[in-house]
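1. Have a look at this prediction, sequence included:
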Amino acid sequence: MARYTGPKSKIARKFREPIFGPDKVLEKKNYPPGQHGNMRRRGKKSEYAMQLAEKQKAKYTYGILEKQFSNLFKKANSKSGITGEILLQLCETRLDNVVYRLGISNTRSGARQLVNHRHIMVNGKNVNIPSCQLRVGDVVSVREKSKSMVVITEAINANSTIHEWLDWNAVTMSGEVKAIPTRDQISENIKEQLIVELYSK
């Protein structure tokens, strides 16, 4: 399974955002990593540097590697509509992200692990591909044998976020994709237009 395995706090400090979830290191050191920390003088970033940084932030946020992300952009670019918004919609409707949004896991990496270990079902069938694209009407559920797992029950009990484009049933531990999320319904702080500009060069 291809995924980022490097230091997460360092990446979060780079973007000054908890893109991997709550981070105590980021709270203590809210400045970029490096030998001189926040004492280093940083000149104005070039247009390319800002575009690249935005793409990197999106990749790390959704846990997608370069090749996958490039393919997602090509797919988004081939569809009619606003390319940047479609790109984020494709990221949001990945199976691992939907598992995270439903509250079955506290983090996207945890959601990816649940999918890989066959704890998650889509439309009643076991699916172990985190990048699986979901459509409107697809039902994501926790496998019967996995419903008593502590990591799942704790995550569900701790989750209080409601997403309008998803419908969660706590009794059956299943959720349905009611609609493709609009840009307003995607909470991530990503300037998708910069990513579009970068790939359009």
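-> Looks like it came in fine. Everything numeric in this text was worked out from a predicted model, so none of it was measured.
2. The residue nearest the centre of the chain: what's it in contact with?
-> Note on the chain: the residue nearest the mean C-alpha position is Tyr62, at 2.9 Å, using Cα atoms, centre = their mean. Remark: with contacts taken as Cβ atoms under 8 Å, 6 or more residues apart in numbering, Tyr62 is in contact with Cys91, Arg94, Asn97, Arg108. For glycine as for every other residue, the C-beta is placed from the backbone atoms N, C-alpha and C.
3. repeat that with 10 Å
-> 19, 68-69, 72, 88, 90-92, 94, 96-97, 100, 108, 131, 188, 190 (Cβ atoms under 10 Å, 6 or more residues apart in numbering).
4. Of those, grab the buried ones for PyMOL.
-> Per 16 or more other Cβ atoms under 10 Å, the buried members of the contacts of Tyr62 correspond to this PyMOL selection:
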select buried, resi 19+68+69+72+88+90+91+92+94+96+97+100+108+131+190
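5. Name the nearest of the contacts of Tyr62 relative to Asn116.
-> The shortest separation between Asn116 and any of the contacts of Tyr62 is 8.9 Å, and it belongs to Asp96 (by Cβ to Cβ).
6. give me every residue that touches that closest one.
-> Asp96 makes contact with 3, 62-64, 105, 108-116, 120, 129-132, according to Cβ under 10 Å, 6+ apart.
7. all helices of the protein, in order?
-> For the chain, the helices defined by DSSP state H cover 8-15, 24-28, 47-62, 66-78, 83-92, 95-101, 108-116, 150-158, 192-199.
8. List buried residues within the contacts of Asp96.
-> Judged by neighbour count, with 16+ other Cβ under 10 Å as the criterion, the buried members of the contacts of Asp96 are 62-64, 105, 108-115, 120, 130-132.
9. Now do stretch 144-164, average pLDDT.
-> With pLDDT averaged residue by residue, stretch 144-164 scores 93.
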